[in-house]
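A.B. asks: For reference, the sequence and a predicted model appear below.
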Amino acid sequence: MRREFRLLPQLIRDVVPGDATRAAVVGAHADLVCRVLHTHHEGEDALLWPKLLDRGGEEALSSVPMMETQHRSIDRSLFEVSELLREWRSTGRGGEELADAFELLLSVLVAHMATEEKVVLPLAERHVTAAEWRGLGEHGMGAIAKKDLPLTFGMAMYEGDPEVIKAVLAHAPLPVRLFVPVIGRRRYAAHARRVHGTSRPARLGTLV
């Protein structure tokens, strides 16, 4: 998410105003990553925050409300982006305003993810079972259209930790474990060529 949202503002600005064909390609990508983000946060709101508040004591009471406030801020930015994106995808006009909106979304998202990794993940490790954590992932997969799952998995695999990817797949049926990594890599490479102009877009560590 950090990588794709960081690349989006310039992708949008690079579209020639009025080029609806190119705007449709970049816009479809923007819509996908926005939907993945929304699904992820929806799962946390429904499945993670209540458990942490119930089990995590004072530490959870001091951190979870902050995360919920950040989610509301991100939701407002996502709503604004979605409104602007709808028009831009069909006309190619209004790209500068849309790029600015994505930069605002990126700023609140990066701050949220940093806090989540520093505060929430250690809390979840202590108070959420492995089965419950898998349920959070299953919620995300269930909410994403099946046709988009290999692509979103390939998007994560592009620079994801191989051990984490392996752990995510460990409880999947054998055909999924065997074929999704292969299909995912191919889908993302093809998708990246259409969207970024290369099958190997800039990785997060190279972006400023």
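C.D. replies: Yes, it's here.

A.B. asks: C-alpha from now on. contacts and neighbour counts both.
C.D. replies: Noted.

A.B. asks: Quick one: name whatever helix or strand follows the helix or strand bottoming out on mean pLDDT in the chain.
C.D. replies: The weakest-scoring helix or strand in the chain, judged by mean pLDDT, DSSP states H and E, is helix 162-169 (a mean of 86). The helix or strand immediately downstream of helix 162-169 is helix 174-196, counting by DSSP states H and E.

A.B. asks: Go through that next one and flag the buried ones.
C.D. replies: 180-181, 183-192, 195-196 (16 or more other Cα atoms under 10 Å).

A.B. asks: For Asp19, state which of those is nearest.
C.D. replies: Closest to Asp19 out of the buried residues of helix 174-196 is Val195 (14.2 Å), distances taken as Cα to Cα.

A.B. asks: That closest one touches Gly27, doesn't it?
C.D. replies: No: using Cα atoms under 8 Å, Val195 makes no contact with Gly27, being 9.3 Å away.

A.B. asks: Beyond the helix ranked longest in the chain, next helix or strand please.
C.D. replies: Identified as the longest helix of the chain according to DSSP state H is helix 57-91. Sequence order places helix 95-115 as the next helix or strand after helix 57-91, per DSSP H and E.

A.B. asks: Could you give the separation of that next one from the chain centroid?
C.D. replies: Offset of helix 95-115 from its chain centre (Cα atoms, centre = their mean, to the nearest Å): 12 Å.

A.B. asks: try stretch 74-85
C.D. replies: 14 Å.

A.B. asks: Check which residues of it are buried.
C.D. replies: Ile74, Asp75, Ser77, Leu78, Val81, Ser82, Leu84, Leu85.

A.B. asks: residues in contact with Lys51?
C.D. replies: His127, Val128 (Cα atoms under 8 Å, 6 or more residues apart in numbering).

A.B. asks: ugh, wrong one, Leu61
C.D. replies: Contacts of Leu61 by Cα under 8 Å, 6+ apart are Leu53.

A.B. asks: likewise the one 10 residues further on?
C.D. replies: For His71, the contacting residues are His41, by Cα under 8 Å, 6+ apart.

A.B. asks: go on, the one 3 residues further on?
C.D. replies: When contacts are counted by Cα under 8 Å, 6+ apart, Ile74 is found next to Leu105, Val108, Leu109.

A.B. asks: Quickly note the distance from it to Gly205.
C.D. replies: Separation of Ile74 from Gly205 (Cα to Cα, to the nearest Å) stands at 23 Å.
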